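1. task: produce atomic coordinates for the following.
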Amino acid sequence: MTFDARVVSNIGVLAAIAETGSFARAGEALGLTRSGVSRAVTRLETQVGVRLLDRTTRVIALTDEGRRLYSEVAPLLSGIEDAVSLASGASVAVRGRLRVNVDAFFSRLLLTPHVGEFLSLYPELSLELVARDQLGDLVGEGFDIAVRFGTPPTSSLVARKLLETRTITVASPSYLQARGLPASPKDLKSHSCILVRDSLTGQPIEDWQFRRGGEVAEVRISGRLMVAEWGSMLGACLEGVGIARVKAIGVQHLLDRGALMEVLPDWQGETFPLYALFPSRHLPPAKVRAFIDFVAARLTPEAAELADQEIMPSATEFMPRLMRGW
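-> A predicted model of the protein is given here:
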C-alpha cells in the first residue's frame, strides 16, 4: 500500500467513528458532513483491502480487522496529537473528553465525591465514567484510562499504583448468630461464603489467603452465591447470606455501627492495590496526567476514611438503595 497523507486523515475518521459510535457524531467532531465521513471510510477500506465497519440502518460496529487496526493506531494518533500540542506550547491544556473505565467500588466510594471538584478545576474538560466489572479492551473500546483494583495484567498498558488497601473478612450479626463464629481460617470450609469474580480476569476468587505473623493459611471457600461487583456482595453480606472478603476502606463505618462484624481479626487478608492504567505513549495527554494526579491526591488514608463515613449508608438503608440501583 502506497502511503500518503490521506491515510492518516482517513484513519482519524475511523477513530472518530469508533469513539463516537456514529457517522453523524464523528462528522460533528471533525467538521465533516456525513457523506464526507462515509467517503473517508470507503477510501480507507479500499486502501487496506478489507472491510473495517459493519454498517446497518441501526448499528455501526468495527469488524475484527477494524478493531485490530484501531487498537494499533489509536495510541499513535494520540501521540501525534500530544506532540503537536507540545510543539505549540499547549501540552498542559486539559481539555476535550476524558473517557474512564472504572469498577463500581472505586467509582462509588472514592471517586464520585470528588467529581464536581475535578470538573470545576478543568472547565474545558468533559468526563465520561463507565463502570465495568472487567477491564476489557481499553484501547479498542476508546477509553483514555482505567482505574482498577488488583495486579494489572501483562500488557502494553502503563500502570501507576495509586493505593493499597488490606482486605478483611466480615459477616452480619444475624449470620454469625445462626452459623457460629469461625475460630480459624480452616473453619471457613464449613461456612457459606460469598464468592466474587476478579474484576481484571473475570475468574472466580475461590481461595482466600490469611497471614498471622509468619504463619500462612490458604482456604478453598465455597458458597451458593457468586457476584461480579461490590454492591451486590456487600448487600448480600448485610442480609446474612454469608461471609465476605471485602476491602477495609469500604466497610469501616458499617463495622463501627455493628451492621457487620469482623471475622478472624487476628488473621490478615491479602492486600489489594489500586492502579491507573493507560495506553503506552511517549507523551501522555495532559487530561490523563491531570486525572491521575487528582485521584492520587485524594486517595490519602484520611480522605478514604472520610469518604467511607460520609457515603456508606446504614444496613437498613443499604438494601433499599441497592434495589433502586443507587
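
2. how about low-confidence regions in the stretch 201-326 of the chain?
-> 201, 280-283, 300-326 (pLDDT under 70).

3. where do the helices sit along it?
-> For the stretch 201-326 of the chain, the helices defined by DSSP state H, counting those that start in this stretch cover 230-238, 252-257, 286-298, 301-311, 315-324.

4. can I get the CA coordinates of stretch 105-124 in PDB?
-> Presented in PDB, the C-alpha positions along stretch 105-124 are these (Å, rounded to 0.1, in the frame of the first residue of the first chain):
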ATOM      1  CA  PHE A 105     -16.400   0.200  44.100                       C
ATOM      2  CA  PHE A 106     -13.800   2.800  43.200                       C
ATOM      3  CA  SER A 107     -16.300   5.000  41.400                       C
ATOM      4  CA  ARG A 108     -18.900   5.000  44.100                       C
ATOM      5  CA  LEU A 109     -16.700   5.200  47.200                       C
ATOM      6  CA  LEU A 110     -13.600   7.000  46.200                       C
ATOM      7  CA  LEU A 111     -14.200   9.000  43.000                       C
ATOM      8  CA  THR A 112     -17.800  10.200  42.900                       C
ATOM      9  CA  PRO A 113     -17.500  12.500  46.000                       C
ATOM     10  CA  HIS A 114     -14.700  14.400  44.200                       C
ATOM     11  CA  VAL A 115     -16.100  14.600  40.600                       C
ATOM     12  CA  GLY A 116     -17.500  18.100  41.000                       C
ATOM     13  CA  GLU A 117     -14.200  19.400  42.200                       C
ATOM     14  CA  PHE A 118     -12.300  17.800  39.300                       C
ATOM     15  CA  LEU A 119     -14.700  19.300  36.700                       C
ATOM     16  CA  SER A 120     -14.500  22.700  38.300                       C
ATOM     17  CA  LEU A 121     -10.700  22.600  38.100                       C
ATOM     18  CA  TYR A 122     -10.900  21.900  34.300                       C
ATOM     19  CA  PRO A 123     -13.900  23.700  32.800                       C
ATOM     20  CA  GLU A 124     -12.800  22.800  29.200                       C
END
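
5. quick one: buried residues of that stretch?
-> Under the neighbour-count criterion of 16 or more other Cβ atoms under 10 Å, stretch 105-124 has Phe105, Phe106, Ser107, Arg108, Leu109, Leu110, Leu111, His114, Phe118, Tyr122 buried. Backbone N, C-alpha and C define where each C-beta goes, glycine included.

6. neighbours of Thr42, how many?
-> Using other Cβ atoms under 10 Å, Thr42 has 13 other residues around it.

7. actually, Asp64.
-> 11.

8. could you check how far it is from Gly202?
-> Taking Cβ to Cβ, to the nearest Å as the measure, Asp64 falls 21 Å from Gly202.

9. what's the answer for Lys287, then?
-> In terms of Cβ to Cβ, Lys287 sits 29 Å off from Gly202.

10. give me the more crowded residue out of these two.
-> Remark: of Lys287 and Gly202, Lys287 carries more neighbours, 22 against 12, as counted by other Cβ under 10 Å.

11. what's near enough to touch that one?
-> Val94, Arg95, Gly96, Leu98, Tyr122, Leu125, Asp144 (Cβ atoms under 8 Å, 6 or more residues apart in numbering).

12. which residue is nearest the centroid of the protein?
-> Val102 (2.2 Å; Cα atoms, centre = their mean).

13. tell me the spacing between Arg68 and Gly240.
-> From Arg68 to Gly240 the distance is 48 Å (Cβ to Cβ).

14. so Glu141: helix, strand or coil?
-> Under DSSP: H, G, I helix; E, B strand; the rest coil, Glu141 falls in the coil class.

15. for the residue lying closest to it once chain neighbours are set aside, which residues make a bridge with it?
-> Distances taken as Cβ to Cβ, 6 or more residues apart in numbering put Asn101 closest to Glu141, at 7.6 Å, once the chain neighbours are dropped. Taking DSSP bridges as the rule, Asn101 bridges to Val130, Ala146.

16. so who does Asn101 touch?
-> Here Asn101 is in contact with Val130, Arg132, Leu135, Gly136, Leu138, Glu141, Phe143, Ile145, Ala146, Val147, Arg148 (Cβ under 8 Å, 6+ apart).

17. please apply the same query to Ala296.
-> Per Cβ under 8 Å, 6+ apart, neighbours of Ala296: Arg160, Leu162, Ala276.

18. quick one: which of the residues you listed is most hemmed in?
-> Busiest of those [other Cβ under 10 Å] is Ala276, holding 23 neighbours.

19. brilliant, that's me finished.
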